[in-house]
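Colleague: can't give you the sequence, but here's the structure:
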């Protein structure tokens, strides 16, 4: 009975985190029907309704909120301890989660140096999507991009970011009037990272940059990508102007593939390190970072 109850409370916490039976079912590798049935069974055992059903989905009841608040951090600690006990023989590895753009532009150039210094430590990189789900505990270290201040108070700031408009030399020859003000900007194509972080408007970065420059023109136009490096590649191909993140620039400007006629502007955002496994190997990696 106790183990079944513990399993049920863990299920409740997962569903509460997702606020969606469908999303929770994907994490658990179960059908939506199976999750719904298990929730009904645990609610019968508890003697009260944990979730309220409504037209748009589900939400925690008042008693459900109290249950999740009282148990979620204990379950997280249990999960962490079990992982450390079961993985102790495989400790010479680091499960790293980050975005594909940051992995390609920032991580990859540093891997060889890390391997030379620590050849026995394996880095398992998971660059699965445009956004990092740092609430899941299936990693040792995550590097996420987000606004200042960051949503997790215990995250460590790796570096602050700056934004820099970039374009191909040929594109700038045609649109050099952008140095003068609004009128020329209305004739260019903007290239966006439409997902800088969860909840951000798809033209957020260009909207922020134009406000800092005291420019007034429509930013919700152009082409939208879910990765910054894709927008930068499109700029290099002469499609338009991308708002590059300085940390993700390699030698594109030095080699003349991109030009940057404006100075960099502080983004009021940065890269943050979230640590779930604190051991000698993850600390070595953070020193490299």
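Modeller: Noted; the coordinates are in hand. Not measured: the values here are computed from a predicted model.
Colleague: use CA for all of it now, contacts and neighbours both
Modeller: Noted.
Colleague: Give the pairing partners of the host helix or strand of residue 143; include direction for each.
Modeller: Per DSSP states H and E, residue 143 falls inside strand 141-147. Strand 141-147 has its sheet partners listed here by DSSP bridges as strand 93-97 (parallel), strand 265-275 (antiparallel).
Colleague: low-scoring stretches of this structure, by residue?
Modeller: Within the chain, the segments meeting pLDDT under 70 span 1-6, 27, 55-56, 73-91.
Colleague: And the strands in it?
Modeller: Ranges of strands in the chain, per DSSP state E, are 51-54, 57-60, 93-97, 122-126, 141-147, 156-166, 190-193, 223-225, 241-245, 265-275.
Colleague: Most tightly packed of the ones you listed?
Modeller: Mean neighbour counts were taken over these using mean count of other Cα atoms under 10 Å, and the top value, a mean of 28, falls to strand 190-193.
Colleague: one step back: turn the strands of the chain into a markdown table, including distance to residue 135.
Modeller: Converted to a markdown table, the strands of the chain look like this (distance: least, Cα to Cα, whole Å):
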| stretch | distance to residue 135 |
| --- | --- |
| strand 51-54 | 21 |
| strand 57-60 | 18 |
| strand 93-97 | 12 |
| strand 122-126 | 15 |
| strand 141-147 | 10 |
| strand 156-166 | 15 |
| strand 190-193 | 22 |
| strand 223-225 | 24 |
| strand 241-245 | 24 |
| strand 265-275 | 10 |
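Colleague: coming back round to it: can I get the strands paired with strand 141-147 in TSV with distance to residue 208?
Modeller: Formatted as TSV, those follow (distance: least, Cα to Cα, whole Å):
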stretch	distance to residue 208
strand 93-97	27
strand 265-275	8
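Colleague: To residue 284, which of those strands lies closest?
Modeller: Ranking the strands paired with strand 141-147 by proximity to residue 284 (Cα to Cα) places strand 93-97 first, at 10.1 Å.
Colleague: Give me the contact list for the closest one.
Modeller: Under the contact criterion Cα atoms under 8 Å, 6 or more residues apart in numbering, strand 93-97 has outside partners 121-128, 132, 139-143, 281-282.
Colleague: before we move on, back to that, which of the strands paired with strand 141-147 sits closest to residue 247?
Modeller: Evaluated with Cα to Cα, these place strand 265-275 nearest to residue 247, the distance being 9.5 Å.
Colleague: distance of residue 164 from residue 154?
Modeller: According to Cα to Cα, to the nearest Å, residue 164 and residue 154 sit 29 Å apart.
Colleague: ah, wrong one, I meant residue 256
Modeller: 40 Å.
Colleague: again, but for residue 29
Modeller: 30 Å.
Colleague: residues touching residue 202, list them.
Modeller: Contacts for residue 202 (Cα under 8 Å, 6+ apart) come out as 192, 193, 194, 195, 220, 224.
Colleague: biggest separation within those residues, which pair?
Modeller: 195 and 220 (13.6 Å).
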